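Trainee: Have a look at this fold, sequence not included:
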């Protein structure tokens, strides 16, 4: 498939025989405000105030988050402490998070036809609970940070389960797009997530879609 942009237009880009791998936060779940609030509270309690702006927070997701934290001046021992503080707060906060409109239905419909997975930096149990509460069914597996921290490795693991199919990773940040490319998957960006379209294009996605319904045009030939 040649690189191209399918944004703000009816899709003429159809991917046959896909494996569909969704990022979670910013793609399925509308969680930016909750994440930003809880993250800045944890940083404040650690006495670290360099990441208390939305711009600084979103810059962490331009690459691997752990590396970005380290480069932002967090020593490793503070990163570990931050993660210990952050994880239980996010698990609780996800009770206040809702899915993006239309995404539960779209994910269910895609999963009825193709193998669908969730690959996320969040905790597996948190995501499974969210999926159950919002009746998002049909997901083959959820691979959270407790199973493997590297999204590249998780994408490759799923690819090995489905040789001969076209691996597609759907993300909402520049970091997602870069990691999908590193893993050898087709990177597809969504315009409703955490990063702007301009920032997403820096990662060179194969496609950018502006609505959940556009995913039907890519993956369901009868749509």
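Mentor: Received it, and whenever you're ready, just let me know what you need. The shown structure was predicted, so the numbers you read here are calculated from the model rather than taken from an experiment.
Trainee: Within the sheet, what are the partner strands of the host helix or strand of residue 21, with directions?
Mentor: Using DSSP states H and E, the element containing residue 21 is strand 18-22. Next to strand 18-22 in the sheet, as set by DSSP bridges, lie strand 116-119 (parallel), strand 166-171 (parallel).
Trainee: What's the separation between residue 191 and residue 114?
Mentor: 22 Å (Cβ to Cβ, to the nearest Å). Where you see a C-beta, it was placed from the backbone N, CA and C, and this is true even at glycine.
Trainee: Residue 61 too?
Mentor: 26 Å.
Trainee: The residue lying closest to residue 32 once chain neighbours are set aside: which element?
Mentor: Spatial nearest neighbour of residue 32, excluding adjacent residues (Cβ to Cβ, 6 or more residues apart in numbering): residue 194 at 5.3 Å. Counting by DSSP H and E, there is no helix or strand that carries residue 194.
Trainee: So which of residue 191 and residue 114 has more stuff around it?
Mentor: Higher neighbour count among residue 191 and residue 114: residue 114, with 21 against 16, using other Cβ atoms under 10 Å.
Trainee: thought that one was touching residue 18?
Mentor: Yes - Residue 114 is within contact range of residue 18, at 5.5 Å (criterion: Cβ atoms under 8 Å).
Trainee: Just give me the neighbour total for residue 140.
Mentor: Counted with other Cβ under 10 Å, residue 140 comes out at 16.
Trainee: Please disregard the earlier target; I meant residue 102.
Mentor: There are 13 residues near residue 102, going by other Cβ under 10 Å.
Trainee: just the one 3 residues further on next, same as before
Mentor: Here the number of neighbours of residue 105 (other Cβ under 10 Å) works out to 15.
Trainee: Against residue 18, how distant is it?
Mentor: 18 Å.
Trainee: what's the nearest residue to residue 111 if we skip its chain neighbours?
Mentor: Using Cβ to Cβ, 6+ apart, the nearest residue to residue 111 is residue 138, at 2.8 Å.
Trainee: per-residue pLDDT, that neighbour?
Mentor: pLDDT, residue 138: 96.
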